[in-house]
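[1] what's the 3D shape of this:
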Amino acid sequence: MSTRIIFVGGFLGAGKTTLLFEAARKLTEQGKRVGLITNDQAADLVDTTFLKYTEGVVSEVSGSCFCCNFNGLTEAIFKHINENQADIIVAEPVGSCTDLSATIIQPLKHYFGDKLNIAPLTVLADPVRLSGIIEGGKHGLHSSAVYIIRKQLEEADIIVINKTDLLADESIEMLSRSVKEEWPDAEILTMSLKNGTGIDIWLERITHNLDAGTHLADVDYDIYAEGEAVLGWLNASFMLRGESVEWNTLAYNLLNALSRRFEDIKSEVGHVKLIMEAGKSYLIGNLTGSKELLNIRGSLGDEKEVKMVLNARVQMDPGKLESIVLEEISKACEGKINTEVIAMKCLSPGRPNPTHRYNHIVK
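    Here you go, the predicted structure:
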């Protein structure tokens, strides 16, 4: 039987990694062997570390997006199949990437259609950001970043309006109708991972439906490149050492301080994520937009040494982003925690240069 491959796209902060975590948990409970593939422009990815706490086997394709490293993607896919006998592989592309139908789905159908069952392309959307964009706004984003979001939705086989707990039921119904009018080729689903609603319906669709990559988006790569380049991209890891530290409080205060800094200079947040680990315990925090959306899960006890991985995607110069992050970590840890930088990478993504780009649908 062929392995099923599922791609979960969507802009930064849409909830993709949380969906992968929950999907892996549910599929494993059903007796499936699950492989997970993360993707980023640089190593030290919070998502990869977090997903290792599932029962699935996790691999990471870093250094460029899936579409620009198609061979790296396929190597990861077949490693899961050959070494781990994966029944289902769920892969999360970089949040600022689009044109996935042309550069990933169609080539996979062409070259590996006899070996893989390719699921419909899913794109997640944050309902607050989506509502603003449908109404013609930019939700604080650069117009070229909004262009990327629109193209992600244009090429989707399934659009999942996530985080429905943020809006009233009638607002979600109105938004669903508006999304269907705007992108009629896609099936529209709703989901709240916080409340546990909608995921089973989505899993049913993507584990049984074979209509993958049914249409292409018409993507202008000059605008696409600009939309990625406006984002500062930071991946960093640290060792934190201290006595009697309230690690959950530290994580919350750090993310809250970063939120205030970015808000003060009107720099829109794609996401800021951190994970702290000690032994088998962890906590994960994420910020998507305003501090009202700051979320901490998990807990650490009275640990004296903790590893922290932090990722930030913010609409600003990467050098300035690095300075702000280091300043706020220093303030949060001042006087009580020794901080050691293990690795630091800060950049703006380069122009997308896909390995393949199909101008037709592969049957």
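
[2] what sits up against the host helix or strand of Leu326?
    Per DSSP states H and E: Leu326 is located in helix 318-333. Under the criterion C-beta atoms under 8 Å, 6 or more residues apart in numbering, residues 232-234, 236, 238, 240, 242, 250, 253-254, 257-258, 261-262, 310, 312, 314, 339, 344, 346-348 lie in contact with helix 318-333. For every residue, glycine as well, the C-beta is placed using N, CA and C.

[3] Just the ones of those in helices?
    Leu250, Asn253, Leu254, Ala257, Leu258, Arg261, Phe262 (DSSP state H).

[4] Which of the helices or strands spans Leu274?
    strand 269-278.

[5] How about Leu124?
    Counting by DSSP H and E, Leu124 is part of strand 122-125.

[6] Check which residues of the helix holding Leu326 are buried.
    When neighbours are counted by 16 or more other C-beta atoms under 10 Å, the buried residues of helix 318-333 are found to be Pro318, Leu321, Glu322, Ile324, Val325, Leu326, Glu328, Ile329, Ala332, Cys333.

[7] before we move on, what about stretch 75-88?
    Ala76, Ile77, Phe78, His80, Ile81, Ala86, Asp87, Ile88.

[8] Please tell me how far that stretch is from the chain's geometric centre.
    21 Å (C-alpha atoms, centre = their mean, to the nearest Å).

[9] pLDDT of it, averaged?
    Per-residue pLDDT values over stretch 75-88 give a mean of 97.

[10] need the contact list for Glu92.
    Applying C-beta under 8 Å, 6+ apart to Glu92 gives the contacts Phe7, Val8, Gly9, Lys16, Thr17, Leu20, Leu36, Ile37, Thr38, Asn39, Asp47.

[11] domain parsing for the protein?
    Domains of the chain are assigned by automatic domain parsing as 3-227, 231-347.

[12] Pick the most deeply packed of those.
    Comparing these by mean neighbour count (mean count of other C-beta atoms under 10 Å), domain 3-227 ranks first with a mean of 20.

[13] Quick one: distance of it to the chain centre.
    8 Å.

[14] What strands flank the worst-scoring helix or strand of the chain on mean pLDDT, and is each parallel or antiparallel?
    Lowest by mean pLDDT, DSSP states H and E among the helices and strands of the chain is strand 295-298, with a mean of 92. Here strand 295-298 has these sheet partners by DSSP bridges: strand 281-287 (antiparallel).

[15] For the residue lying closest to Tyr282 once chain neighbours are set aside, give me its contacts.
    Once flanking residues are discounted, Tyr282 sits nearest to Gly298: 5.1 Å by C-beta to C-beta, 6 or more residues apart in numbering. By C-beta under 8 Å, 6+ apart, the contact list for Gly298 reads Ser281, Tyr282, Leu283, Ile284.

[16] and of those, the nearest to Ile133?
    The closest of the contacts of Gly298 to Ile133 turns out to be Ile284 (C-beta to C-beta; 27.3 Å).

[17] Angles on the backbone of Ser59, please.
    As for Ser59, its main-chain torsions (degrees, to the nearest 10) stand at phi -130, psi 160.

[18] And the pLDDT for it?
    For Ser59, pLDDT reads 97.

[19] Look up how far Leu73 lies from it.
    Distance from Ser59 to Leu73, counting by C-beta to C-beta, to the nearest Å: 10 Å.

[20] Find the residues that touch each one of the two.
    Residues touching both Ser59 and Leu73 (C-beta under 8 Å, 6+ apart): Ile37.

[21] now, the most widely separated pair of the ones in helices among the contacts of helix 318-333?
    Top of the distance list for the ones in helices among the contacts of helix 318-333 (C-beta to C-beta): Leu250 and Phe262, 18.8 Å.

[22] what would the contacts of Glu92 look like in TSV with distance to Asn195?
    Below are the contacts of Glu92 laid out as TSV (distance: C-beta to C-beta, whole Å):
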residue	distance to Asn195
Phe7	24
Val8	19
Gly9	23
Lys16	18
Thr17	18
Leu20	18
Leu36	23
Ile37	27
Thr38	25
Asn39	28
Asp47	22
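
[23] mind showing which ranges of the stretch 151-300 of the chain have poor pLDDT?
    290-292 (pLDDT under 70).

[24] Would you map the strands across it?
    Using DSSP state E, counting those that start in this stretch, the strands of the stretch 151-300 of the chain run over 158-161, 187-190, 232-242, 269-278, 281-287, 295-298.
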